[in-house]
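1. this is a predicted model, with the sequence first.
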Amino acid sequence: MIRPRTPRREQLGDFLASRRRAARRSALGLPQAARRGDIGLSREEVAALAGVSASWFTWLEQGRDIGVSRQVLGAVARVLQLSPAEIDYVVRLAGPEEDGAAEEPERIPDHLQRLVDALAFPAFVVASDWAIVGWNTPYSRLYEPIATVDAGDRNLLWLIYTDPRLRRMLPDWDQESRRFLAEFRAESGVRLSSDRHRALIERLLEESSDFRTQWAEHAVERFASRQRVFQHPKDGRLEFEHHSLVPADAPGLTVVMYVPVAD
């Protein structure tokens, strides 16, 4: 019987295939391949090193709805030398569908908006698909178009790839965009097959060649607080610490804060 494909398993299969093709053979004690050299493994090689059947691993890469245990996934992850963030990503994709998933909020709760307004530095709130649902006055001074952007385009990921004004504000846009996209994929995880996430990705794939290139890299990275630099059109170089918090009473939202590192 041909096993059916599912969106989450296809996502998992695509990710594993990308890591298999990028794996270094020498790191696993394998000789160079005739065509690939030191880069890339065959499905049969991954299966043999992980102790699974070649047919099973082929079905996994094809997005088939097959039984997947955490132990077997761990063996595959070791062969592909996945990072902790990447392991979390594949485990969630291979796991059961989440029951009773919380509905995405249509707007920011009043008490959360009051919290953001009370902050003296730029802060904004995003939903799971990174739609910007709230912000404070300091953020509107940092990114002035936020209030006038069409509501359907008021999405952090969309703006990063489509707004030339924001691109000019990021001195190292190429690195920054890749970091954001890797964090988005890690955070969204199993939600990427939802209607709203899928619609966002399809729009970006159609609109941005940079997004198409970077999306195909399948980068996954956990968020980490870090320094951010902006080249503001009026205020010049601005430096912040970038922090992210999830409210206990609104887990579908994330508060993003830019804390100044100097006056």
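-> Cool, the structure landed.
2. C-alpha only now, for contacts and for neighbours.
-> Noted.
3. show me where the stretch 51-200 of the chain has strands.
-> For the stretch 51-200 of the chain, strands defined by DSSP state E, counting those that start in this stretch occupy the ranges 123-126, 132-135.
4. which strands or helices does the first one pack on?
-> Helices and strands in packing contact with strand 123-126 are listed as strand 132-135, helix 137-142, strand 254-260; criterion 3 or more Cα pairs under 8 Å, 6 or more residues apart in numbering; DSSP states H and E.
5. so where do the helices sit in the stretch 51-200 of the chain?
-> Listed in chain order, the helices of the stretch 51-200 of the chain (DSSP state H, counting those that start in this stretch) span 54-61, 70-80, 84-94, 110-118, 137-142, 156-162, 164-169, 173-188, 195-207.
6. so for A224, which of those helices sits nearest?
-> Smallest distance to A224 across those (Cα to Cα): 9.1 Å, for helix 173-188.
7. my guess is A50 meets A75, correct?
-> Yes. With contacts counted by Cα atoms under 8 Å, A50 reaches A75, the gap being 5.0 Å.
8. which of these two has more neighbours?
-> A50 (20 against 17; other Cα atoms under 10 Å).
9. how much space is there between A182 and G40?
-> As judged by Cα to Cα, to the nearest Å, A182 and G40 stand 22 Å apart.
10. three-state assignment of Q231?
-> strand (DSSP: H, G, I helix; E, B strand; the rest coil).
11. and the pLDDT at it?
-> The model reports Q231 with a pLDDT of 97.
12. run through the stretch 1-150 of the chain and note the low-pLDDT ranges.
-> Along the stretch 1-150 of the chain, segments meeting pLDDT under 70 span 1-3, 97-106.
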